[in-house]
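K.L.:
Dropping a prediction and its sequence here:
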Amino acid sequence: MADASLAHTSLRAAADQVARTLAGAARAPVIRAFFDEPTNTVSYVVHCPATRRAAVIDSVLDYDPAAGRTRTASADAMVDYIKSESLTVDWLLETHVHADHLSAAPYLQGRLGGALAIGLPLEMVEFWPRYLREVTRDQVAEAARAVLGQAPSTTGWLLPGDAAPRRSPA
C-alpha cells in the first residue's frame with residue numbers, strides 16, 4: 001500500500017507542478033529543440049533553470065545507410081549545448097522504440113552520464129495498474145490527463161521528488 005501511496009503522491013505532485021507553472025507561480029522548464037532533417041526527428045534537452053538539471057529526450061545517432069556507418073554529429077550538437085549551459089544530465093529518455101532513427105542515448109550516457117529510460121510499449125499501457133502494482137487505472141488516467149493533456153501519443157515520466165537516478169561515470 002505504501003508503494004501505491006507514493007505513486008499517487010508523485011502523480012499528484014507532478015500535476016500540481018504543471019498547474020503552478022501554467023499559473024505563473026513556478027518557473028517553466030527551459031526546452032531546447034534539435035531537428036534532425038534526414039529522419040525528420042525533433043530531439044529535446046529540457047532543464048530546470050534553477051537547478052540546471054536536465055533530461056535529453058529522443059536523441060538521434062546519425063546513420064548513413066549506404067555506408068552502413070554511424071556518426072555522432074547530431075548528438076555532439078546536444079553535448080555542446082549541454083556543456084555551454086553547464087547542465088547536469090540526469091535522464092536520457094526515449095518516448096518509444098523508434099523505427100525512423102537510431103538512439104544516441106548510450107553514446108550520450110558515456111559522454112554526460114544520466115540514467116536511460118523508455119516509455120511503456122502501447123500494448124502495456126492498457127495494463128499500467130499491473131505494472132505499477134497497487135496504483136489504480138483511474139489514478140494513472142487522472143494524473144496523465146492533468147499532466148499530459150489529451151494528446152494521444154504523449155509519453156511522460158512521473159518520478160518521486162526525491163528520486164535520484166543512478167549516474168554513470170563521466
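P.N.:
That came through, no problem. Keep in mind the model is a prediction, meaning the values are calculated, not measured.
K.L.:
Rounded mean pLDDT for stretch 114-122, please.
P.N.:
Here stretch 114-122 scores 74 as its mean pLDDT.
K.L.:
This structure: helices as residue ranges?
P.N.:
In the chain, the helices defined using DSSP state H lie at 2-22, 73-84, 105-112, 122-125, 128-131, 137-148.
K.L.:
which one of the ones you listed has the lowest average pLDDT?
P.N.:
Among the helices of the chain, helix 128-131 carries the lowest mean pLDDT, a mean of 51.
K.L.:
Make sure residue 60 is actually in contact with residue 101.
P.N.:
Yes - using CB atoms under 8 Å, residue 60 makes contact with residue 101 at a distance of 4.9 Å. (C-beta placed from N, C-alpha, C; glycine too.)
K.L.:
Between the two, which has more neighbouring residues?
P.N.:
Counted by other CB atoms under 10 Å, residue 60 and residue 101 do not tie: residue 60 has more neighbours, with 26 against 19.
K.L.:
Just list the residues touching the nearest residue to residue 57 once chain neighbours are set aside, thanks.
P.N.:
Excluding the flanking residues, the one nearest residue 57 by CB to CB, 6 or more residues apart in numbering is residue 44, at 4.3 Å. Contacts for residue 44 were tallied using CB atoms under 8 Å, 6 or more residues apart in numbering; they are 31-34, 56-58.
K.L.:
Give the buried residues for stretch 26-41.
P.N.:
29, 34, 36, 39, 41 (16 or more other CB atoms under 10 Å).
K.L.:
Just to check, residue 79 is in contact with residue 113?
P.N.:
No - in this structure, residue 79 is not within contact of residue 113 by CB under 8 Å, at 11.6 Å.
K.L.:
joint contacts of those two?
P.N.:
By CB under 8 Å, 6+ apart, no residue touches both residue 79 and residue 113.
K.L.:
re the thing from before, can you redo the contacts of residue 44 as a markdown table with pLDDT?
P.N.:
As requested, the contacts of residue 44 are arranged in a markdown table below (pLDDT from 0 to 100):
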| residue | pLDDT |
| --- | --- |
| 31 | 92 |
| 32 | 95 |
| 33 | 95 |
| 34 | 96 |
| 56 | 94 |
| 57 | 92 |
| 58 | 91 |
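K.L.:
Which of these sits closest to residue 74?
P.N.:
Lowest distance from residue 74 to these (CB to CB) belongs to residue 34, with 6.7 Å.
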